[in-house]
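Colleague: Here is my input; please provide its structure:
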Amino acid sequence: MKPTVYLDNTVISYLTAKPSRDVVTNGRKIVTQEWWALAALKYELLISDFIEQEASGGDPDAARLRLESIAEIPKVPTDISNIENLAGKLISAGALPVVARYDALHIASAAVNGVEFLVTWNYAHLANPHNLGLVEKICRDAGFEPPRIVTPDQLSITEGDEDVD
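Modeller: Modelled structure (predicted):
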C-alpha cells in the first residue's frame, strides 16, 4: 500500500502558478512540478473539501487551473465534528493563530483520517518547526496520530527511485 499524502493548497498553487521574477518562488514551482510528475506513482494523494474551498478562491483563471489539477484526487471523509474539534484545539492551544483556521482544518483533516504526510510550502504555520511539537502533542492528546508535515522537496522523488512501483 502506498503512503498517504494530504496536499496543502500551497502545493497546488505552486504547481499551477505563472512564472515569477522571484527566484525562490520559481524554485518552489519547479520542485513542485517535478515532484507532482511522479508523486502519484509513489503516494496516494488526497485532498479535502477545505482544500477545494481554498483552491476555488482568488483569481478566476488561477482558481480554474488549481481546481482542474486536483479534480481527480480523492477526498478524505469530512468527519466535521472531529475535524472542527481538533482544529479548535490547535488554535486555542496556540499551535496555530486564529487567522490560520484553514491550516488547522488541514492538519485536523489529515490526522482524523490517518493520513501519513501533509505536504506544504506553508512555513508560516504548517511547516514551522517551532509549532510542530505542540501540533503533534495536541493531535495525540486528542487520540489521533499527527501527519508528518513536510515540503515537496523533503518527499522528493527521482525516476530512478527504487521505491517507485
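Colleague: what's the lengthiest helix in the chain packed up against?
Modeller: Secondary structure of the chain read by DSSP state H shows that its longest helix is helix 23-42. Applying 3 or more C-beta pairs under 8 Å, 6 or more residues apart in numbering; DSSP states H and E, we find helix 23-42 packed against helix 9-16. Bear in mind the C-beta positions are built from the backbone N, C-alpha and C, glycine included.
Colleague: Run through who's touching whichever helix or strand comes after the longest helix of the chain.
Modeller: Next helix or strand after helix 23-42 toward the C-terminus (DSSP states H and E): strand 44-46. Strand 44-46 is contacted from outside by 1-7, 39, 73-76, 113, 115, using C-beta atoms under 8 Å, 6 or more residues apart in numbering.
Colleague: what do you get for stretch 78-90?
Modeller: Contacts for stretch 78-90 (C-beta under 8 Å, 6+ apart): 48-49, 96, 101, 104-105, 107-109, 111-113, 135, 138-139, 141-142, 144.
Colleague: Tell me which of the contacts of strand 44-46 fall in helices.
Modeller: Of these, the ones assigned to helices by DSSP H are residue 39.
Colleague: Now flag whichever of the contacts of strand 44-46 is closest to residue 156.
Modeller: Taking C-beta to C-beta as the measure, residue 39 is the one of those closest to residue 156, at 9.9 Å.
Colleague: Send over the longest helix of the chain as PDB, restricted to the C-alpha atoms.
Modeller: Only the C-alpha atoms of helix 23-42 are listed here, as PDB (Å, rounded to 0.1, in the frame of the first residue of the first chain):
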ATOM      1  CA  VAL A  23      13.900  33.100  -7.700                       C
ATOM      2  CA  VAL A  24      12.500  31.300  -4.500                       C
ATOM      3  CA  THR A  25       9.000  31.200  -6.000                       C
ATOM      4  CA  ASN A  26      10.300  29.800  -9.300                       C
ATOM      5  CA  GLY A  27      12.500  27.300  -7.500                       C
ATOM      6  CA  ARG A  28       9.500  26.000  -5.500                       C
ATOM      7  CA  LYS A  29       7.400  25.900  -8.700                       C
ATOM      8  CA  ILE A  30      10.000  23.800 -10.400                       C
ATOM      9  CA  VAL A  31      10.400  21.400  -7.400                       C
ATOM     10  CA  THR A  32       6.600  21.100  -7.100                       C
ATOM     11  CA  GLN A  33       6.200  20.300 -10.800                       C
ATOM     12  CA  GLU A  34       8.900  17.700 -10.700                       C
ATOM     13  CA  TRP A  35       7.500  16.200  -7.600                       C
ATOM     14  CA  TRP A  36       4.000  16.200  -9.000                       C
ATOM     15  CA  ALA A  37       5.000  14.400 -12.100                       C
ATOM     16  CA  LEU A  38       5.900  11.200 -10.100                       C
ATOM     17  CA  ALA A  39       4.100  11.700  -6.800                       C
ATOM     18  CA  ALA A  40       1.000   9.600  -7.700                       C
ATOM     19  CA  LEU A  41       3.300   6.700  -8.600                       C
ATOM     20  CA  LYS A  42       4.600   6.500  -5.000                       C
END
